[in-house]
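Asker: Predicted model and sequence follow; I will ask about them next.
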Amino acid sequence: MIGRLLGSRTKRVQRTSPLAAVRTPPDAGVLSCRVLDPVSQPVPQAEFAVMDSVGRKVVGGGTDPFGSFVAAVPAGEYRLAVSAEGYAPYRAAATVAESSLTSLGDVTLQVAQPPELPAPGDWDIEPTHSSIGFTARHIGLARIHGRFNSFAGVLRVAEDIEQSAMHVVIDAASIDTNVRMRDDHLRSPDFLDVARFSTLEFYGDRFAHRGGNRWAITGALSLHGVTRTVTLDTDYLGLGHGMEGEVRAACRATAELHRDDFTVSWQTMLARGIAVVGPTIKVELDIQIVPKG
């Protein structure tokens, strides 16, 4: 009798040993896979998303340095999506049973074809479908979101795309955070001082491909009478067509600016010693361009 009990216990431990490292409730199982590139090397930090049968995200995360992903999920039917910069998305379905391991094994991602680049020539920023926004920390707590409502720019695409150049001019007085009193203060000498410095200008002349659809655009930003080198981390979204069939291209870009670099160093403090405005500002651009007419 004791032998039978020990034998049964041993079999149970062997059967559930793949789950030993992951604690799961009785009605859950474990889902795992390893993500590889086309030459069978692991892809670290690939994004993994697990959705239920109605499309709700159940769990997600990144693969570890060995390309592995392991998660405990309720038993059920799932759809999976794996994505990584420079690779085509991978999708699959899986059924996870209670107290069991469901492994997809090795998932091999294929290199994605980069989106088609805009043709050489001059392209205008199309303001109706573009935006230039920013986010700043307020008193160390909330984030203040704003935008510039008036801007213009041109991109000169070279035959060698990395020799391209862009020039963007922003009307400083068009700053808009949806609070009139705050906007008036931001226009004042405490911040942008628009009476003296009416525009912000960026001239980018270094385009570097970072793989896939990622680019770095480096150039000179002039703000508040000071010019500094700034790099825009850019995601190129490819070509498309407008409602009237015109060709257009789109990208999203971000940069982090330090106020002190541009002498926008107004440092009023609250009684508790907290700066009213944080030292950094995140700038976000969502841009569409059309051939210069």
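Answerer: Great, that's in hand. Numbers count the residues shown, from 1 in each chain.
Asker: could I get stretch 93-108 in PDB with only the CA atoms?
Answerer: Presented in PDB, the C-alpha positions along stretch 93-108 are these (Å, rounded to 0.1, in the frame of the first residue of the first chain):
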ATOM      1  CA  ALA A  93      -3.400  29.800 -31.200                       C
ATOM      2  CA  ALA A  94      -3.000  27.600 -28.100                       C
ATOM      3  CA  THR A  95      -5.100  25.600 -25.700                       C
ATOM      4  CA  VAL A  96      -3.900  25.600 -22.100                       C
ATOM      5  CA  ALA A  97      -5.200  22.800 -19.800                       C
ATOM      6  CA  GLU A  98      -5.300  22.800 -16.000                       C
ATOM      7  CA  SER A  99      -2.100  21.900 -14.200                       C
ATOM      8  CA  SER A 100      -0.200  21.300 -17.400                       C
ATOM      9  CA  LEU A 101       2.500  23.000 -19.600                       C
ATOM     10  CA  THR A 102       1.600  24.100 -23.100                       C
ATOM     11  CA  SER A 103       4.800  24.900 -25.000                       C
ATOM     12  CA  LEU A 104       4.900  26.400 -28.500                       C
ATOM     13  CA  GLY A 105       8.500  25.300 -28.700                       C
ATOM     14  CA  ASP A 106      10.800  27.400 -30.800                       C
ATOM     15  CA  VAL A 107       9.100  30.300 -32.600                       C
ATOM     16  CA  THR A 108      11.200  31.600 -35.500                       C
END
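Asker: Look up which helix or strand the residue most central in space within the chain falls in, please.
Answerer: Centroid-nearest residue in the chain, with C-alpha atoms, centre = their mean: residue 235, separated by 8.2 Å. Element membership of residue 235, judged by DSSP states H and E, is strand 226-241.
Asker: Residue 195 too?
Answerer: Going by DSSP H and E, residue 195 is not in any helix or strand.
Asker: Run a quick neighbour tally on it.
Answerer: Residue 195: 11 surrounding residues under other C-beta atoms under 10 Å. Every residue, glycine included, has its C-beta placed from N, CA and C.
Asker: Give the closest residue to it in space, chain neighbours not counted.
Answerer: residue 189 (7.6 Å; C-beta to C-beta, 6 or more residues apart in numbering).
Asker: helix/strand/coil for the one you found?
Answerer: coil (DSSP: H, G, I helix; E, B strand; the rest coil).
Asker: ok, back up a step: mind listing the strands the strand holding residue 235 pairs with, and their directions?
Answerer: strand 214-223 (antiparallel), strand 247-258 (antiparallel) (DSSP bridges).
Asker: how about the nearest residue to residue 37, chain neighbours excluded?
Answerer: Per C-beta to C-beta, 6+ apart, closest to residue 37 is residue 43, 5.4 Å.
Asker: dump the residue contacts of that neighbour.
Answerer: 35, 36, 37, 63, 67, 84, 87, 109 (C-beta atoms under 8 Å, 6 or more residues apart in numbering).
Asker: I'd like to know the phi and psi angles of it, please.
Answerer: Dihedral pair for residue 43: phi -110, psi 100, per degrees, to the nearest 10.
Asker: cool, and residue 77?
Answerer: Phi and psi for residue 77, reported as degrees, to the nearest 10, are phi -100, psi 140.
Asker: Number of residues surrounding residue 184?
Answerer: 10.
Asker: How many residues are close by residue 246?
Answerer: 12.
Asker: mind listing what it touches?
Answerer: With contact set as C-beta under 8 Å, 6+ apart, residue 246 has these partners: 290, 291.
Asker: related to what we said a few turns ago, per-residue confidence at the residue nearest to residue 37, what does it come out as?
Answerer: Residue 43 is assigned a predicted lDDT (pLDDT) of 93.
Asker: Could you find the closest non-adjacent residue to residue 258?
Answerer: In space, not counting the residues next to it along the chain, residue 258 is nearest to residue 280; the distance is 5.6 Å by C-beta to C-beta, 6+ apart.
Asker: element containing the one you found, please.
Answerer: Using DSSP H and E, residue 280 falls within strand 277-291.
Asker: Then residue 123?
Answerer: Residue-wise, residue 123 maps onto strand 121-125 under DSSP H and E.
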